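S.K.: Task: produce atomic coordinates for the following.
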Amino acid sequence: MISVGIVDYGVGNIHSLSKSVRIAGFRPEISSSKELLSKSDIILLPGVGSFSFAIENLKKSGLDSFIIKQSKINKPIIGICLGMQLLCSNSTEGGINKGLGIIPGKIKRMSNSKFHIGWNSIQLKNKNHFLKRFNNHEFFFNHGYQFEGNQKYVIAETEFEKSFPTIIKKNNTIGFQFHPEKSQKAGIQLLKKTIKSISNIE
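M.R.: Numbering: from 1, shown residues only. Here you go, the predicted model:
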């Protein structure tokens, strides 16, 4: 059974994520131990709250450099909401803060300066992507900042007055701006498909 190491660094919706991973058919392992996380098949980086506080927590525990090293050996990594944003180069939330730099790009306040909360649909840019079945499906969002970067990393977008990136990916690292664990059946199915695909297990 595929094991999913959920990074416990004091910021995140880890218990509902763990439940969703289990329902999807995988073995969740909640841990802050680099040794234990390194043994997992996939690393899942959650996140709730502010970028500055979250990145500081990762640095205090040394988990920032650990995750970067794991990406360099092509360990599959999934980032969710703030966890997705932490994967990027930097963020303007709470001042200019450097991110993990795994997926090049900046995190900036949403262009309409509104907080995006609630259900919204995603539109895949490549209809042949492994997530193609989720094109136009609705997922649950709760954020006020968005990704800005090279379009080659953008897998899907969402309309909120203006279009913004919803799913980003580089190599074996993928990030979701929405919350699959709060998106009912579609969220579970998306997690299942993603975990199987980036693990090369179909």
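S.K.: quick check: longest strand of this structure.
M.R.: Assignment by DSSP state E gives strand 162-170 as the longest strand of the chain.
S.K.: which other helices and strands contact the next helix or strand after that one?
M.R.: Using DSSP states H and E, the next helix or strand after strand 162-170 towards the C-terminus is strand 173-176. Judged by 3 or more Cβ pairs under 8 Å, 6 or more residues apart in numbering; DSSP states H and E, the packing partners of strand 173-176 are strand 77-80, helix 82-86, strand 162-170, helix 184-198. Any C-beta I mention is one placed from the backbone N, CA and C, and that applies to glycine too.
S.K.: Name the residues of the longest strand of the chain that are buried.
M.R.: Using 16 or more other Cβ atoms under 10 Å as the test for burial, strand 162-170 gives 164, 165, 166, 167, 168, 169, 170.
S.K.: and the angle from that strand to helix 184-198?
M.R.: Here the directions of strand 162-170 and helix 184-198 differ by 40 degrees (axes from the mean of the first three to the mean of the last three Cα atoms, to 10 degrees).
S.K.: Direction included, what does strand 162-170 pair against?
M.R.: strand 154-160 (antiparallel), strand 173-176 (antiparallel) (DSSP bridges).
S.K.: just the ones you listed: most buried one?
M.R.: A comparison of the strands paired with strand 162-170 by mean neighbour count, using mean count of other Cβ atoms under 10 Å, puts strand 173-176 on top with a mean of 26.
S.K.: Give me the contacts around that one.
M.R.: Here strand 173-176 makes contact (Cβ atoms under 8 Å, 6 or more residues apart in numbering) with 71, 76-81, 83-85, 87-88, 102-103, 139, 147, 155, 166-169, 190, 194, 198.
S.K.: The spatially most central residue of the chain and residue 99, how far apart?
M.R.: Closest residue to the average C-alpha location of the chain: residue 79 at 2.1 Å, with Cα atoms, centre = their mean. Residue 79 is 10 Å from residue 99, where distance means Cβ to Cβ, to the nearest Å.
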